[in-house]
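**Student:** Give the three-dimensional model of this entry:
(chains A, B, C and D)
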There are 2 protein chains.
Amino acid sequence: MPDVQNGTPAYRRIQAAILQRIEAGQLRPGDVVGSERQLAKVHKVSLMTARHALAVLTRDGMVERRPGAGTFVAQPKIHFNRLASFTEQMASRSLPARSKVLYCRIIRGEHEIAARLGLPAESRLVKVERVRQGADEPVAIETCHLSADDFGDLAEAGMERSSLFAFLERQHGVTLANADEQIDATAADARSARLLGIPVGEPLLRIRQVIYSTQGKPVLYVLGLYRSERHTLLIRRYR
Amino acid sequence: MPDVQNGTPAYRRIQAAILQRIEAGQLRPGDVVGSERQLAKVHKVSLMTARHALAVLTRDGMVERRPGAGTFVAQPKIHFNRLASFTEQMASRSLPARSKVLYCRIIRGEHEIAARLGLPAESRLVKVERVRQGADEPVAIETCHLSADDFGDLAEAGMERSSLFAFLERQHGVTLANADEQIDATAADARSARLLGIPVGEPLLRIRQVIYSTQGKPVLYVLGLYRSERHTLLIRRYR
DNA sequence: AAGTGGTCTAGACCACGGC
DNA sequence: CCGTGGTCTAGACCACTTC
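**Tutor:** Sure, this is the predicted structure:
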């Protein structure tokens, strides 16, 4: 029977158990993670379920599998292709995350952005602009857009402390699932340069992302400008 | 019995069949791809195998699954997070791909690059530097490094025409499986600017990739500098 | 109510790695 | 040789969407 104790699928629980052992330092890079058959026995699941757990960890680059040899803990603690909030990204590097809100209001007339969110052109949108700081230095400018009809209360909620991801989950029961990103390089204009404390014309990494909920609905449009010396993107591609 | 006819796993054959129908225009974006149970019947495989095929297509963004509703062809023909050679990338946009080889020789003393390829610091490396052109304009400078002990004959092979991926596969039986990339922005120096026909200081997208074979061995180190107006990266992230 | 994706079972054979 | 990952089977129940 599908043992969905406390709502968490078995393969998720197995993943979590392994990740915990890695983070606790019990498993070091290069160490053998239990084989599929071992994991299946220990967690009392079938082989396919244990496999599924390992497959996801492999995709994220937490674990490496060598046919005939075994499954091993991968080198660093980098989550490839992982959708994470700024807060989470900083936490994974053990850095304090801070934000300064520059703008937080309801606007209208952003046709292109509305379209990217699958909304009518004249929709009201909540716009939140923040400077992201890591280790007390400005790292990025992030501008978010959401449907004001669905998430208008965001304009009143203080975005100073809490993560936007957490807000969406707690206040609206919306869980984010994946993001499609468009990445290029651009030169800092006067305003960006001032906010980030860098010379005008400096190269910046520009990331535009549309973030989807677990229901497949586009929820969030984010434009990010990142200081290239302070931020590099890590990606894994497959053949 | 695992039906590995002609060496291709069943789930790969199913994928290929679906992709073919999409590319042929028989399936348009939004159309229903057969359900898991349909696919299983048609291809005479079990449910889990049909599922596996769809899972990979979902990961690549070719197909969208809505629980309770069905599986649908996704919007564009973008392969997210897909490792593709420059030749393949251009082909997928129906553009002619051309390259000019600037440099193709065996070198020594690139310690850091050797390390990234898992080789001793003083290893001999083949270095190939190329200007990539799409639609008769220079788009990128790509510098590849490979182990000279394993692939020394590359220095003699003309890299003008053929794809490096194809060369590795045909001449050495090495199939590339995935790449880990590190992405940031940088300013064009004098040489890059001249080669790409842009002003000095212009922002460039810099991509460093280590490409691994199906055996998990690092085979190729590539440094790419891309004109940001001519190239944007598309990525999908997961939660 | 019928169909769908999401999860899961309890087995199986194969090719390959390391001893 | 034995253990490993890679592939596969023939079923099953659940929550959900669509009608």
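**Student:** Go ahead and flag the most central residue of chain A.
**Tutor:** Centroid-nearest residue in chain A: A:A84, 1.7 Å away (criterion: Cα atoms, centre = their mean).
**Student:** Now do the contacts for that one.
**Tutor:** A:S92 (Cβ atoms under 8 Å, 6 or more residues apart in numbering or on different chains). From N, CA and C alone the C-beta is placed, and that goes for glycine too.
**Student:** measure it to A:S163 for me?
**Tutor:** 10 Å (Cβ to Cβ, to the nearest Å).
**Student:** quick one: is the worst-scoring helix or strand of chain A on mean pLDDT near chain B?
**Tutor:** Among the helices and strands of chain A, helix A:86-92 carries the lowest confidence by mean pLDDT, DSSP states H and E, at a mean of 83. No: with Cβ under 8 Å from any Cβ of the partner chain as the criterion, chain B is not reached by helix A:86-92; the gap is at least 10.2 Å.
**Student:** Kindly report the same for stretch A:105-115.
**Tutor:** No: judged by Cβ under 8 Å from any Cβ, stretch A:105-115 stays clear of chain B, getting no closer than 12.6 Å.
**Student:** same question, stretch A:118-136
**Tutor:** No: applying Cβ under 8 Å from any Cβ, one finds stretch A:118-136 out of contact with chain B, separated by at least 11.0 Å.
**Student:** Quick check: buried residues in that stretch?
**Tutor:** Neighbour counts over stretch A:118-136 (16 or more other Cβ atoms under 10 Å in any protein chain shown) mark A:L119, A:S123, A:L125, A:V126, A:K127, A:V128, A:E129, A:R130, A:V131, A:R132, A:Q133, A:G134 as buried.
**Student:** And the average pLDDT for that stretch is what?
**Tutor:** Stretch A:118-136 carries an average pLDDT of 92.
**Student:** That stretch: end-to-end distance?
**Tutor:** Stretch A:118-136 has an end-to-end distance of 37 Å (Cα to Cα, to the nearest Å).
**Student:** residues contacting the residue lying closest to A:R51 once chain neighbours are set aside?
**Tutor:** Spatial nearest neighbour of A:R51, excluding adjacent residues (Cβ to Cβ, 6 or more residues apart in numbering or on different chains): A:E36 at 5.4 Å. In this structure, A:E36 makes contact with A:L47, A:A50, A:R51, A:L54, A:T71, judged by Cβ under 8 Å, 6+ apart.
**Student:** what distance separates the host helix or strand of the fourth one from the centre of its chain?
**Tutor:** Pointing back at A:L54 there. For A:L54, the host element (DSSP states H and E) is helix A:47-59. Taking Cα atoms, centre = their mean, to the nearest Å, one finds helix A:47-59 lying 21 Å from the centre of the chain it belongs to.
**Student:** what's in contact with it?
**Tutor:** By Cβ under 8 Å, 6+ apart, helix A:47-59 touches A:10-12, A:14-15, A:18-19, A:33, A:36-37, A:39-40, A:43, A:63-65, A:71, A:80-81, A:236, B:48, B:59, B:238.
**Student:** Among those, which ones lie close to DNA strand D?
**Tutor:** With Cβ under 7 Å from any atom of the strand as the criterion, these include A:V33, A:E36, A:R37, A:R65, A:T71, B:M48 near DNA strand D.
**Student:** Run me through the strand neighbours of the helix or strand containing the fifth one, direction for each.
**Tutor:** Using DSSP H and E, A:T71 maps to strand A:70-73. Applying DSSP bridges to the sheet, strand A:70-73 is found paired with strand A:32-33 (antiparallel), strand A:63-66 (antiparallel).
**Student:** Tell me which residues are up against that strand.
**Tutor:** A:22, A:27-36, A:54, A:62-66.
**Student:** Compute the mean per-residue pLDDT across that strand, please.
**Tutor:** 94.
**Student:** same deal with stretch A:30-39?
**Tutor:** 93.
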